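[1] Model the structure of this input:
(one chain, ligands or ions: 1)
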Amino acid sequence: MRIIVEKDYQAMSKKAALMVASQITLKTDSNLGLATGATPLAMYEKLIEMYKQNEVDFSEVQSFNLDEYCGLKAEHPNSYHYYMYDNFFNKINIKKENIHIPDGSAEDFNKECRDYEESIKKERGIDLQILGIGSNGHIGFNEPAESLNVATEVVDLTEETIAANSRYFDSKEEVPKKAISMGMATILKADRIVLLASGKNKAEAIKDTVSGKISTKVPASLLQTHPEITVLLDQEAASLISKEELSADCHFIICD
Ligand SMILES: N[C@@H]1[C@@H](O)[C@H](O)[C@@H](COP(=O)(O)O)O[C@@H]1O
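    Numbers count the residues shown, from 1 in each chain. I've put the predicted structure just below:
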């Protein structure tokens, strides 16, 4: 595991954008795994700027989103479809047919999950997976539990996640109770993974993610088993990491 600590959210986002751009520069037809939430917003903004400056070309890129709420149509302003088009896809030259997001309005959710998993396999897997993290340690919508899903499945959202995500809805009651999410193996099969976290409210989850111990109660801690994982943080999110607890092969890099 490589942990990189940047000064603040903007510096973290710039580095994340550079990592995505370098992936596409090295492999123009990269398959990107993408995340939603507030955390990657500035990374998307910086990638849009780089695209406008002709520094990155998305014409051969395929994208696979981590998750989507069950019951929300693509045009619903709180759907992850809407978020991705509004914040990123409408502003770059990615081809519509290369965009993959689970369909939250599918008639048969189980079939949708199987088809989604299959579509990733068909395109030979994800080259670079971008992740955010819930304050309870979830990645995608893989919530803390006794056991975690291997493949893409329908999941029940925890009360904590519903409360946290209600900030984007008019009320807590409007937040869907279920979602389709890539499973842990779907995520861990990516060639490279970059986990982003910013702010004090992620510090506890990040401490548990990098602690040298693995628990299904902190789904992100399983990332420690991945050979190419970078945890890219701002100083606040990194503030509770204790260097003594990190595993011996962990690289800890602090940038000014
Ligand atoms: N399913 C998403 C996650 O993929 C995301 O990482 C998390 C954190 O979001 P934020 O970046 O807004 O804190 O929120 C949601 O629950």
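[2] ok, then the element right after the top helix by length along the chain?
    Taking DSSP state H as the criterion, the chain has its longest helix at helix 9-26. Next along the chain after helix 9-26, taking DSSP states H and E as the criterion, comes strand 31-34.
[3] List every C-alpha atom in that next one, with coordinates, as CSV.
    Written as CSV, here are the backbone C-alpha positions of strand 31-34 (Å, rounded to 0.1, in the frame of the first residue of the first chain):
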residue,chain,number,x,y,z
ASN,A,31,-11.2,0.9,-18.5
LEU,A,32,-11.8,3.3,-15.6
GLY,A,33,-13.8,2.4,-12.5
LEU,A,34,-15.4,5.6,-11.3
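[4] residues contacting the residue in the stretch 101-250 of the chain that the ligand sits nearest to?
    Nearest residue of the stretch 101-250 of the chain to the ligand (Cβ to the nearest ligand atom) works out as Gly132 at 2.5 Å. From N, CA and C alone the C-beta is placed, and that goes for glycine too. Neighbour list for Gly132: Ala35, Thr36, Gly37, Thr39, Pro40, Ile139, Leu195, Leu196, Ala197 [criterion: Cβ atoms under 8 Å, 6 or more residues apart in numbering].
[5] Any chance of the backbone angles for it?
    phi -100, psi -170 (degrees, to the nearest 10).
[6] just to revisit the earlier point, show me which positions of the longest helix of the chain end up buried.
    9, 11-21, 23-24 (16 or more other Cβ atoms under 10 Å).
[7] likewise stretch 221-232?
    Ser221, Leu222, Leu223, Gln224, His226, Ile229, Thr230, Val231, Leu232.
[8] Quick check: residues of the stretch 151-256 of the chain near the ligand?
    Thr161, Asn165 (Cβ under 6 Å from any ligand atom).
[9] where exactly do the strands run in the stretch 1-150 of the chain?
    Under the criterion DSSP state E, counting those that start in this stretch, strands of the stretch 1-150 of the chain are mapped to 2-6, 31-34, 62-65, 67-69, 99-100, 128-131.
[10] follow-up on the earlier one: got CSV for the contacts of Gly132, with pLDDT and neighbour count too?
    Formatted as CSV, those follow (pLDDT from 0 to 100; neighbours: other Cβ atoms under 10 Å):
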residue, pLDDT, neighbour count
Ala35, 98, 23
Thr36, 98, 24
Gly37, 96, 17
Thr39, 98, 24
Pro40, 98, 25
Ile139, 98, 30
Leu195, 98, 26
Leu196, 99, 27
Ala197, 98, 25
